[in-house]
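Q: Sharing a model that was predicted from the sequence below.
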Amino acid sequence: MAESATPAYITSLIRHFADLRDGTHGGSASRKDKEAHFEKAVQLLAPVARQVLTEMNTSLLLDTGQLTETGLRRTADGGLLASWVLSWPEQHSAGVEPIALHAYFGGGFHHPHLRGTTVHDWPLNVFSDEDAAAQLSILRAIASSDLHNLVYRADYRIVPAVNRTASS
């Protein structure tokens, strides 16, 4: 049996650790060039982030959610952030934060990361459409973990699909 290709999440970790070793990101050493890579990564990642949150909205929130995007913006520490956020009525009523996918490049960071509302810091190494597509499982895991953690902060009733099943 032939060896399979290295899984994308392993490749991402190797790139991340090599960046730490070399002080680079995507082969770039200057902050300006790293930020240019990040801006491109956000553009490539946006459709994948929207797909994940749309899947959750359709299947778990029964299309009651609202997806919003911040676009790329500068943070107070001089970094960059882009967010895709899914909010819905039960989440608002429970007073918990929405499900969010964030791509961020902190002002003092050497390279960017992905995070959620409650799940933090996965390496962001997206330089091509293929790299962005390979993040699908990571973004699904972040969003799913967020919803799981938000249920523990509130109650299972913040998930409309569960309420429908319980009342059926």
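A: In hand now; what should we look at?
Q: contacts and neighbour counts: CA atoms only from here.
A: OK.
Q: can you tell me the helix or strand for the closest residue to residue 86 other than its chain neighbours?
A: Distance criterion Cα to Cα, 6 or more residues apart in numbering; nearest residue to residue 86, sequence neighbours excluded, is residue 67 at 4.6 Å. Following DSSP states H and E, one finds residue 67 within strand 66-69.
Q: Can you pull up the most central residue in this protein?
A: residue 101 (3.4 Å; Cα atoms, centre = their mean).
Q: Tell me the strands beside the host helix or strand of residue 85, with direction?
A: Residue 85 is located in strand 80-87, with elements delineated by DSSP H and E. Using DSSP bridges, the strands paired with strand 80-87 are strand 66-69 (antiparallel), strand 73-74 (antiparallel), strand 99-105 (antiparallel).
Q: got the buried residues for the first one?
A: Looking back up the chat, that one is strand 66-69. 67, 69 (16 or more other Cα atoms under 10 Å).
Q: related to what we said a few turns ago, state the distance from the residue nearest to residue 86 to residue 158.
A: 16 Å (Cα to Cα, to the nearest Å).
Q: Kindly report the same for residue 138.
A: Plainly put, residue 138 is 23 Å away from residue 158 if you go by Cα to Cα.
Q: Settle it for me: which of those two has more neighbours?
A: Neighbour comparison, residue 138 and residue 158: the larger count goes to residue 158, with 22 against 17 (by other Cα atoms under 10 Å).
Q: Identify the residue spatially nearest to that one, adjacent ones excluded.
A: Nearest to residue 158 is residue 90, by Cα to Cα, 6+ apart, at 4.8 Å.
Q: so how many other residues sit close to that neighbour?
A: Neighbourhood size, residue 90 [other Cα under 10 Å]: 18.
Q: if I pick it, what's in contact with it?
A: Residues near residue 90 by Cα atoms under 8 Å, 6 or more residues apart in numbering: 157, 158, 159, 160.
Q: Helices - which of those land there?
A: Counting by DSSP state H, those place residue 160 in helices.
Q: Just the buried ones out of the contacts of residue 90, please.
A: 158, 159, 160.
Q: Name the nearest of these relative to residue 132.
A: residue 159 (28.0 Å; Cα to Cα).
Q: Tell me how far residue 128 lies from residue 34.
A: With Cα to Cα as the criterion, residue 128 and residue 34 are 15 Å apart.
Q: Same drill for those two, tell me which one is more crowded.
A: residue 34 (19 against 13).
Q: sorry, back to before: may I have the phi/psi pair for the residue nearest to residue 158?
A: phi -70, psi -40 (degrees, to the nearest 10).
Q: And residue 135, by the same measure?
A: According to degrees, to the nearest 10, residue 135 has phi -80, psi -10.
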